[in-house]
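**Student:** no sequence on this one, just coordinates:
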């Protein structure tokens, strides 16, 4: 009975390992930039199909920090290419230039919710990762509005 239990446990472990491997990313952490509107990006896989991404946007009207929870899935027939989707949050601040250029809008602190939908590609044999995504957001404090223009092309070094 003990041998059967060990065999079942071993078979279950191997099958879970194979399914985790098929969904797993070929990198654990990536650091780089996102082009448009321009951000520093760090992405880290906490599980084989779950990643956390942090973005730091610094632009002429202030800054914005965004955290995303991304669920990844393989695309059959396309090794290295994955889709991802998930929710997130952002905080930030507008500066005096924003207040001067847009006096009718509330300025200062911003807080809101984000979503993300995208593609992630890891080059085989090279420490380079590319992503392309759309990151709609809704600002809940300060100037309240929907923003559909966040996202873009990410280029990262993987390790």
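**Tutor:** Happy to help now that I have it. Please read all numbers here as calculations on a predicted model, not as lab measurements.

**Student:** all helices for this protein, in order.
**Tutor:** Taking DSSP state H, the helices of the chain run over residues 2-23, 96-101.

**Student:** least reliable of those by average pLDDT, please.
**Tutor:** Out of the helices of the chain, helix 2-23 stands lowest, with a mean of 38 (criterion: mean pLDDT).

**Student:** who are the contact partners of the closest residue to residue 85 other than its chain neighbours?
**Tutor:** Sequence neighbours aside, residue 117 is the residue nearest to residue 85 in space, at 5.1 Å (criterion: C-beta to C-beta, 6 or more residues apart in numbering). Any C-beta I mention is one placed from the backbone N, CA and C, and that applies to glycine too. When contacts are counted by C-beta atoms under 8 Å, 6 or more residues apart in numbering, residue 117 touches 84, 85, 133, 134.

**Student:** point out where this protein drops to low pLDDT.
**Tutor:** Along the chain, the parts satisfying pLDDT under 70 run over 1-25, 104, 106-107.

**Student:** residue 41 is in contact with residue 57, isn't it?
**Tutor:** No - between residue 41 and residue 57 there is no contact under C-beta atoms under 8 Å: 9.9 Å.

**Student:** more crowded one of the two?
**Tutor:** residue 41 (22 against 18; other C-beta atoms under 10 Å).

**Student:** is the more buried one bridged to anything, and to what?
**Tutor:** residue 32, residue 55 (DSSP bridges).

**Student:** do the same with the one 4 residues further on
**Tutor:** When bridges are assigned using DSSP bridges, the partners listed for residue 45 are residue 51.

**Student:** what sits against residue 155?
**Tutor:** When contacts are counted by C-beta under 8 Å, 6+ apart, residue 155 touches 32, 33, 34, 35, 128, 129, 130.

**Student:** hmm, which of those residues are the buried ones?
**Tutor:** The neighbour-count test (16 or more other C-beta atoms under 10 Å) marks 32, 34, 129, 130 as buried among the contacts of residue 155.
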